[in-house]
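S.K.: Model the following, please.
(one chain, ligands or ions: 1)
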Amino acid sequence: MVSLTPEMMELIRSTRYFPLATASADGDPNVVPVGSVFLIDPETIWIGNQFMDATIKNLKENPRASVYVWTQGVKGCLKIKADVTVMEEGEDYEKMREMVSAKRADLKCRSLLVLKITGVFECTSGKDAGKKLL
Ligand SMILES: Cc1cc2nc3c(=O)[nH]c(=O)nc-3n(C[C@H](O)[C@H](O)[C@H](O)COP(=O)(O)O)c2cc1C
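M.R.: The predicted model follows:
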């Protein structure tokens, strides 16, 4: 696991929507927008599954994902890779259900995606584009 820097954490906290990419076991790619995203600690991101279908199927057979982080007005762009656990019950899932409905009362969280960050890469264009940062 790797630990995000304070600047990386600030960029994530300032970002509203994220593209979440997964792949099936045989490599069929899938990318979806997600907004129920919570930075839990420097190594962990939680994402709420309310509507995902292909993403969950992919994660069950290939439990890895990539997210990129960019938002207008904040310096930096990162690509994050993570190992993912899908939780449909338990204390953390119950906590996430509350966090999602506190954000939007009409949303029902069906499962919690726990992302443990395994790598962070530079996404900004320029000489360091693609460089592994962590
Ligand atoms: C801006 C935006 C944010 C979204 N955020 C989430 C989210 O946090 N969780 C979720 O389950 N679906 C979210 N959705 C819906 C999914 O991205 C969408 O239903 C997607 O098609 C899931 O598809 P899948 O079957 O490919 O996994 C969001 C959609 C939009 C447009």
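S.K.: make it CA atoms for all contacts and neighbour counts henceforth
M.R.: Noted.
S.K.: Tell me the buried residues in the top helix by length along the chain?
M.R.: In the chain, taking DSSP state H as the definition, the longest helix is helix 91-103. In terms of neighbour count (16 or more other CA atoms under 10 Å), helix 91-103 has its buried residues at 93, 96-100.
S.K.: of all these, which comes closest to the ligand?
M.R.: Of all those, Val100 has the smallest distance to the ligand: 8.7 Å, by CA to the nearest ligand atom.
S.K.: do you know how far the closest one is from Val31?
M.R.: 21 Å (CA to CA, to the nearest Å).
S.K.: Which strands and helices lie in contact with the lengthiest strand in the chain?
M.R.: Criterion DSSP state E: the longest strand present in the chain is strand 111-122. Identification of packing neighbours for strand 111-122 by 3 or more CA pairs under 8 Å, 6 or more residues apart in numbering; DSSP states H and E yields strand 44-49, strand 78-87, helix 91-103.
S.K.: Run through the residues that contact Asn30.
M.R.: With CA atoms under 8 Å, 6 or more residues apart in numbering as the criterion, the residues that contact Asn30 are 21-23, 54-55.
S.K.: which among these end up buried?
M.R.: Buried among those (16+ other CA under 10 Å): 21-23, 54-55.
S.K.: The residues you listed: which ones sit near the ligand?
M.R.: When contact is defined as CA under 6 Å from any ligand atom, the buried ones among the contacts of Asn30 meet the ligand at 54-55.
S.K.: returning to that earlier point: can the contacts of Asn30 go into a markdown table with extra columns for secondary structure and pLDDT?
M.R.: Formatted as a markdown table, those follow (DSSP: H, G, I helix; E, B strand; the rest coil; pLDDT from 0 to 100):
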| residue | secondary structure | pLDDT |
| --- | --- | --- |
| Ala21 | strand | 98 |
| Thr22 | strand | 99 |
| Ala23 | strand | 98 |
| Ala54 | helix | 98 |
| Thr55 | helix | 98 |
